[in-house]
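K.L.:
what follows is a predicted protein model with its sequence.
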Amino acid sequence: MPSFDIVSESDMVALKNAIEVASRQIGNRYDFKGTSAAVELDEKAKTITMHGDSDFQLDQVKMILFPEMEKKEHDSTKRLEHGDIQKVSGNKVKQVLQIKLGIEQDLAKKIIKLIKDSKLKVQATIQGDTVRVSGAKRDVLQDTIALVRKTITDFPLQYQNFRD
């Protein structure tokens, strides 16, 4: 019985590359000389930390970082969960962006409800942080992918492990 998985994974190599490019651009900008403006990636904790001297400078760092991330991996900024802007020593600020991986339960239930309401002849089940969809024919599975891709646009999804 043909099946595929709906997952949400991030390409950490591309993300690391984007952050290195953004760090180089921040280091080369004249208005950031002598400031604490920086971007760091913590791969184990899956967080990006942005540092700056003010809220305005933090926004400038975002304006450099986000386009670089989008160049390397489409929709990668949609998976970021923005933390609060924290005051650090003196008047410096930092913000932590959490990278969300996997499909959360609420989104998985929304995807399953969408598939069931569409009356397509497929079965969808939640398996950890993925959604497995199986059906009798390959064409119906491709229709399901098209439906989910068209409807769920607020979170990046990938369709993997297609088996006949």
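P.N.:
Looks like it arrived, so ask away.

K.L.:
ok, and the closest non-adjacent residue to I99?
P.N.:
For I99, ignoring the flanking residues on the chain, the nearest one in space by Cβ to Cβ, 6 or more residues apart in numbering is K46 at 4.3 Å. C-betas here are computed from N, CA, C, even on glycine.

K.L.:
model confidence score at that neighbour, please.
P.N.:
The confidence metric pLDDT takes the value 90 at K46.

K.L.:
also K100?
P.N.:
88.

K.L.:
okay, now it: neighbour count?
P.N.:
Using other Cβ atoms under 10 Å, K100 is surrounded by 17 other residues.

K.L.:
pretty sure it is touching K78, no?
P.N.:
No: judged on Cβ atoms under 8 Å, K100 makes no contact with K78 at a distance of 9.1 Å.

K.L.:
doesn't T153 fall inside a strand?
P.N.:
No: under DSSP: H, G, I helix; E, B strand; the rest coil, T153 sits outside any strand and is assigned coil.

K.L.:
offset the numbering so it begins at 7, please.
P.N.:
Taking 7 as the first residue, the last one we looked at is T159.

K.L.:
measure it to Y165 for me?
P.N.:
15 Å (Cβ to Cβ, to the nearest Å).

K.L.:
which one of the two has more residues nearby?
P.N.:
The neighbour comparison of T159 against Y165 (other Cβ under 10 Å) goes to Y165, with 16 against 10.

K.L.:
against N97, how distant is the more buried one?
P.N.:
Separation of Y165 from N97 (Cβ to Cβ) stands at 47 Å.
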